[in-house]
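Asks: return atomic coordinates for the entry below.
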Amino acid sequence: MFIATANVTHTIPAPLKDRMEIISLSGYTHLEKLAIGRQFLVPKQIAEQGLEESKITFDNSALEELIDSYTREAGVRNLEREIGSVLRKIARQVLKQDGTFEMGVERKKVRELLGKPKFRSQQIHDKAEIGLATGLAWTEVGGEILSTEVALSRGKGNLTLTGKLGDVMQESARAALSYVRSRAELFGLDPDFHSALDIHIHVPEGAIPKDGPSAGITMATALLSAVTKIPIHRDIAMTGEITLRGKVLPVGGVKDKILAATRAGITKIILPAENERDLEDIPADVREKMEFHLVESMDEVVTLALDGTIVPLAAKAKLVEPKVIGDEPPVTH
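Replies: Residues are numbered from 1 along each chain as shown. Okay, here's the model as predicted:
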């Protein structure tokens, strides 16, 4: 018997994978990283760099800066490296001082020692915009929020996809377009609206490969917003696979995705109804801050996400109100 660790499973040969028991472990939360850094990593690195713990004060704000702006990972290996880098630079300064040297490390000091941040912090949009939706994605280093943009121009019905999207994600975009076309009359659109338009769907940060079906409802919402000229709520994020009939199917990586939304300041999440069981894995302190909307169809998604009144949809589709988990009831337009 042997035990092995891996970041991804799709590179494991199928015959070997079939004979293995796979235990999936999600990444640490922000608070867990903070506690690990404060209780274990900082004291360990202070000792390794030959410093005296009584003379070095590592503030929580410094750790938060390292977690948010200098590392992107599910674990804490790079966090420990960055802490060590900060303390080595301090150790060099100690050599130039006498034995009375003391220092407090806070957010500003981290930036001074390490220079420009390696990662920009992800935040929600400044305002509700047309054709701009916030999605949730899972990566090898944890959850991420991904903005999905849709632009329309006069053309001949061409669909352009950019942002280094994988095959599955491209298929989700085509399924999203088919859903919107099938619902055109409900939204007061010309059934052939697409024939005179070129549609461009873009997911920024093209250097990051993206794939998987979980962006389906995000693309459909952004596309619908673009063609109806109705903006999307800025404080809501979503994840879910879409079918041609507008059904919302469950996805994976829910815990990591929700933690990413929390870091970005998002308070409302749209999830597939079948993912309700995954909410048990969310830390209680995170769950209390969030409002979860559990949906089964795209018709429910658009009534929650679009910042406007959609009378035709509400009247003709006879929507079932989505299930909500949170303190406040959803606002249904």
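Asks: doesn't residue 50 belong to a helix?
Replies: No. Secondary structure of residue 50 (DSSP: H, G, I helix; E, B strand; the rest coil): coil, not part of a helix.
Asks: show me the contacts for it.
Replies: Counting by CB atoms under 8 Å, 6 or more residues apart in numbering, residue 50 touches residue 91. Bear in mind the C-beta positions are built from the backbone N, C-alpha and C, glycine included.
Asks: same thing but 10 Å
Replies: Applying CB atoms under 10 Å, 6 or more residues apart in numbering, we find residue 50 in contact with 87-88, 91, 94-95.
Asks: of those residues - the most surrounded one?
Replies: residue 87 (24 neighbours; other CB atoms under 10 Å).
Asks: tell me if I'm right that it and residue 55 touch.
Replies: No. Counting by CB atoms under 10 Å, residue 87 stays clear of residue 55, with 11.7 Å between them.
Asks: per-residue confidence at the closest residue to residue 246 other than its chain neighbours?
Replies: Spatial nearest neighbour of residue 246, excluding adjacent residues (CB to CB, 6 or more residues apart in numbering): residue 298 at 3.9 Å. Note on residue 298: pLDDT of 89.
Asks: what's the overlap in contacts for residue 87 and residue 55?
Replies: Contact criterion CB under 10 Å, 6+ apart; residues shared by residue 87 and residue 55: 46, 94, 103.
Asks: mind listing the helices for the protein?
Replies: Along the chain, counting by DSSP state H, helices occupy 14-18, 30-36, 42-48, 60-69, 77-95, 107-114, 167-182, 216-228, 254-263, 284-287, 298-305, 311-317.
Asks: buried residues of the longest one, list them for me.
Replies: In this case it means helix 77-95. Residues of helix 77-95 classed as buried: 78-80, 82-87, 90, 94 (neighbour count, 16 or more other CB atoms under 10 Å).
Asks: the nearest residue to residue 22 once chain neighbours are set aside: neighbour count?
Replies: Distances taken as CB to CB, 6+ apart place residue 9 nearest to residue 22, at 6.3 Å, with adjacent residues excluded. Close neighbours of residue 9, defined as other CB under 10 Å, add up to 10.
Asks: please list all residues in contact with the residue nearest to residue 244 when sequence neighbours are not counted.
Replies: Nearest residue to residue 244, sequence neighbours excluded (CB to CB, 6+ apart): residue 178, at 5.2 Å. By CB under 10 Å, 6+ apart, the contact list for residue 178 reads 220, 242-246.
Asks: follow-up on the earlier one: among the helices of the chain, which is the most enclosed?
Replies: With neighbours taken as mean count of other CB atoms under 10 Å, the helices of the chain reach their highest mean count in helix 216-228, at a mean of 27.
Asks: mean confidence score for it?
Replies: 91.
Asks: and it with helix 167-182, angle?
Replies: 40 degrees (axes from the mean of the first three to the mean of the last three CA atoms, to 10 degrees).
Asks: how distant is helix 216-228 from the center of its chain?
Replies: Distance of helix 216-228 from its chain centroid, counting by CA atoms, centre = their mean, to the nearest Å, is 18 Å.
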